[in-house]
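> Make a model of this:
(2 chains)
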Number of protein chains: 2
Amino acid sequence: MEKFEQTAKLSYFDVDALNQIKLSVLIDLLLKVSSYQLDTMGVGTNNLARENLGWVVTQYHMEIKRLPQLDEEIILGTQPTGYNRFFCYRDFWVKTQEGESLITVSSTWIVLDLLKREIHENTSEFGAKMAVPEVKRGPRLPRIRLPKFDDSGVEYRVRYYDIDANRHVNNSHYFEWMIDVLPQDLVLHAQIKCIDIKFDQEIRYGDSPRSLVKVEEQEELKSYHLIQNGTGKAAEAIFTWKK
Amino acid sequence: MEKFEQTAKLSYFDVDALNQIKLSVLIDLLLKVSSYQLDTMGVGTNNLARENLGWVVTQYHMEIKRLPQLDEEIILGTQPTGYNRFFCYRDFWVKTQEGESLITVSSTWIVLDLLKREIHENTSEFGAKMAVPEVKRGPRLPRIRLPKFDDSGVEYRVRYYDIDANRHVNNSHYFEWMIDVLPQDLVLHAQIKCIDIKFDQEIRYGDSPRSLVKVEEQEELKSYHLIQNGTGKAAEAIFTWKK
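The predicted model follows:
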């Protein structure tokens, strides 16, 4: 289980109105470190594409002590932790240059057969390339249970720059749609401390997904998110906030 | 007139469906090199903010031989070229590692008094810091003359992540709105070779700008763009394309 780390310095276009990293940029940077690592292992996007396979993330669990700020130099790290027939497990972290932990992430991945559009089963040869043990099951990520939503949310048109070379929406954009529908008072005054997000179906160019949100405060302040695409669910998430 | 250069490697989230750099990312990267340089000269955003002043770009003229691609390592450079009472002039370039010129940019800037919302007049002390000569007038950037538009375009809601710490829309997003309304056939099959863009009024959070476009082919294939914000013009542009 090899670790891989990279440093990044946050520019003004990486940050939001509070000078904190945008969640969409955070996801992009995490994917960048994992794809560099996968390339070195011979199982990166280009390697897989030759066999018509592709990496697809299915779930993230993120614990956030503090979001990195404008001009901050951070260390982004990743490590695959195990695999089984259907899933691969991977951890990520974000630290300060002084070694203070800012964010930790657990994630679950599948390898998709791009022609059959079904899960490709992982072989032991694949596990050996990743240098990870076969595990019965990975870290138990929280189940995402959403409440009923009060309204039908806000519709987004997929913009040309939202799509990648496969003409699918890069899933970092889901965070733009989720954050955008939150009450301003919450976004500007509460701190995010936990994110659970599950990706169900992909969104394509020409689709008009809707972003639904419900904010509830019981023991903790939480926002519940659904990205609905036609009759299907594209993504579900729970954000936990600290006031 | 000091030059300043930086290298950058393009990740998959920097590129569009054709694996070419997004114009919005290109603008972000150019601004990054100029802000690093301005910081070293003591006239960066933070320095100016202490006097309630801010840099505002008013026009870019960009000549594009080829757009950089996914995974390409490029060199981004900049150099201020002159100033006068109202304007500052700055060049940018993008080169390959082998020194091949990909993109050249001329630009015009003002220093805005953020409290009075008017142009701050440049002093010779300011010119000395930038190490540029006082010039009567800078490079003559093409005038942008737009045709009548046939329809009222597409409306965009400003998203939370479109705004910066000043609650204004970062003007790299204008390119998202301009590109997004072009016919797919043009975006996917023509190559952009020249961009002239002029920024008129800023767009704020809560605004609903409209992106209007007209494509015409006479001597050259051109698309004409207007970002209309309420009754005001936010930006005007002409893109020249090669089929």
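> Identify the residue nearest A:Pro133 in space, chain neighbours excluded?
Distances taken as Cβ to Cβ, 6 or more residues apart in numbering or on different chains put A:Gly82 closest to A:Pro133, at 5.5 Å, once the chain neighbours are dropped. All C-beta spots, glycine's among them, are computed from the backbone N, C-alpha and C.
> To which secondary structure element is that neighbour assigned?
Assigned by DSSP states H and E, A:Gly82 belongs to strand A:73-83.
> any chance you could map the helices in chain A?
Ranges of helices in chain A, per DSSP state H, are A:23-41, A:45-49, A:124-130, A:173-180, A:184-189.
> Give the buried residues for the second one.
The neighbour-count criterion (16 or more other Cβ atoms under 10 Å in any protein chain shown) identifies A:Leu48 as the buried residues of helix A:45-49.
> which strands and helices sit next to it?
helix A:23-41, strand A:53-64 (3 or more Cβ pairs under 8 Å, 6 or more residues apart in numbering or on different chains; DSSP states H and E).
> Which of those sits closest to B:Gln191?
Nearest to B:Gln191, of all those, is helix A:23-41, at 25.9 Å by Cβ to Cβ.
> Around A:Asp207, count how many other residues there are.
Using other Cβ atoms under 10 Å in any protein chain shown, A:Asp207 is surrounded by 18 other residues.
> Dihedrals phi and psi, it?
phi -70, psi 160 (degrees, to the nearest 10).
> show me the contacts for it.
By Cβ atoms under 8 Å, 6 or more residues apart in numbering or on different chains, A:Asp207 lies in contact with A:Val158, A:Val169, A:Asn229, A:Gly230.
> just those now: which is nearest B:Arg145?
Out of the contacts of A:Asp207, the member with the shortest distance to B:Arg145 (by Cβ to Cβ) is A:Val158, at 32.3 Å.
> Spit out the contact partners of the closest one.
Taking Cβ under 8 Å, 6+ apart, we find A:Val158 in contact with A:Val169, A:Ile203, A:Arg204, A:Tyr205, A:Gly206, A:Asp207, A:Ser208, A:Pro209.
> The third one bridge partners, please.
So the one you mean is A:Arg204. The partner list for A:Arg204 in beta bridges (DSSP bridges) reads A:His168.
> My read is that it contacts A:Asn170, right?
No. A:Arg204 lies out of contact with A:Asn170 (Cβ atoms under 8 Å); the separation is 11.9 Å.
> what's the overlap in contacts for these two?
Counting by Cβ under 8 Å, 6+ apart, the common neighbours of A:Arg204 and A:Asn170 are A:Ile163.
> Between those two, which is the more surrounded one?
The residue with more neighbours, out of A:Arg204 and A:Asn170 and counting by other Cβ under 10 Å, is A:Asn170; that gives 19 against 13.
> residue contacts, the more buried one?
Neighbour list for A:Asn170: A:Asp28, A:Asp162, A:Ile163, A:Asp164, B:Tyr12, B:Phe13 [criterion: Cβ under 8 Å, 6+ apart].
> again, only using 7 Å
By Cβ atoms under 7 Å, 6 or more residues apart in numbering or on different chains, A:Asn170 lies in contact with A:Asp162, A:Asp164, B:Phe13.
> Kindly state the pLDDT recorded for it?
Looking at A:Asn170, its pLDDT stands at 89.
> For chain A, which residues are neighbours of chain B?
A:11-13, A:16-17, A:19, A:22, A:24, A:28, A:32, A:159-161, A:163-165, A:167, A:170, A:172, A:176, A:179-180, A:187 (Cβ under 7 Å from any Cβ of the partner chain).
> Helix or strand with the lowest mean pLDDT in chain A?
helix A:45-49 (a mean of 91; mean pLDDT, DSSP states H and E).
> What residues sit buried inside stretch A:95-103?
For stretch A:95-103, by 16+ other Cβ under 10 Å, it's A:Lys95, A:Leu102, A:Ile103.
> again with stretch A:142-151
Buried positions in stretch A:142-151, judged by neighbour count with 16+ other Cβ under 10 Å: A:Ile144.
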